[in-house]
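J.: just a sequence and a predicted model for now, questions to come.
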Amino acid sequence: MKKDVRAKIAISGWSSSCSPTLASERTRLLVHLVDVSDASGRSDILKDVEIILGELSSFGADLEKKPMIMVASKIDVANPDKLKKLKQWSTRKKLKLYPISAVTGEGIEKLKFAIAEEVEKLRRTRVSDEAEVSAADAKRLTTRDVEVHGGKRRSL
Ligand SMILES: Nc1nc2c(ncn2[C@@H]2O[C@H](COP(=O)(O)OP(=O)(O)O)[C@@H](O)[C@H]2O)c(=O)[nH]1
Ligand SMILES: [Mg+2]
């Protein structure tokens, strides 16, 4: 891979002291920002998107399996062809795409609300998953023996 292609993968909660696995545990949602202008000097937008996805997989922490939303950035100076390709790709992958511009502010509020909504949804899903596990645990505890720390067993 060419060095200039390597993206800065900014993952919330991921610092240099944090392993990809820990980052993965802390990450509910990926926001994949794609520059749809010609400022980058790069021509094949979809190839670049796939490279980023490949990089995510290469960490081996299941980051690529996280829910993801797409963002088309620099929409004020978009290359219409790149934008069209990204739209088609996102539709094919069933991913939502939000166009934004840091210069005009277009789409920023919409994106912020969409991120908040998605994260909230994912948070609720996790809480209900945990509730299911607790219910299963409670059921297990109705049997005569329970496992205690240190692997010893005692009767209820
Ligand atoms: N026209 C336009 N320029 C932008 C936008 N966002 C960032 N830039 C400019 O693009 C240049 C490179 O920034 P950016 O691509 O965001 O960061 P980099 O890839 O880390 O260098 C800077 O001069 C920014 O001011 C945008 O939405 N529209
Ligand atoms: Mg850039």
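T.: Thanks, I have it. Ligands and ions are numbered 1, 2, ... in the order given.
J.: quickly list what residue 37 is bridged to.
T.: Residue 37 has these beta-bridge partners by DSSP bridges: residue 78.
J.: go ahead and confirm it touches residue 80.
T.: No. Residue 37 lies out of contact with residue 80 (Cβ atoms under 8 Å); the separation is 10.8 Å. C-beta here means a position set from N, CA and C on the backbone, and glycine is covered the same way.
J.: residues near residue 83, how many?
T.: Counted with other Cβ atoms under 10 Å, the neighbours of residue 83 add up to 19.
J.: ok, it to residue 45 distance?
T.: 9 Å (Cβ to Cβ, to the nearest Å).
J.: shared neighbours of these two, anything?
T.: Counting by Cβ atoms under 8 Å, 6 or more residues apart in numbering, the common neighbours of residue 83 and residue 45 are residue 36.
J.: higher neighbour count, residue 37 and residue 80?
T.: Neighbour totals were compared for residue 37 and residue 80, and residue 37 leads with 16 against 8 (other Cβ under 10 Å).
J.: so who does the more buried one touch?
T.: For residue 37, the contacting residues are 73, 74, 77, 78, 79, 82, by Cβ under 8 Å, 6+ apart.
J.: now these as JSON lines including distance to residue 120?
T.: Shown next, in JSON lines, are the contacts of residue 37 (distance: Cβ to Cβ, whole Å):
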{"residue": "73", "distance to residue 120": "24"}
{"residue": "74", "distance to residue 120": "28"}
{"residue": "77", "distance to residue 120": "32"}
{"residue": "78", "distance to residue 120": "30"}
{"residue": "79", "distance to residue 120": "34"}
{"residue": "82", "distance to residue 120": "31"}
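J.: spatially central residue for the protein, please.
T.: Per Cα atoms, centre = their mean, the C-alpha nearest to the average position across the chain is that of residue 30, at 2.0 Å.
J.: quick one: residues contacting that residue.
T.: 11, 56, 63, 66, 67, 68, 69.
J.: all good on my end, thank you.
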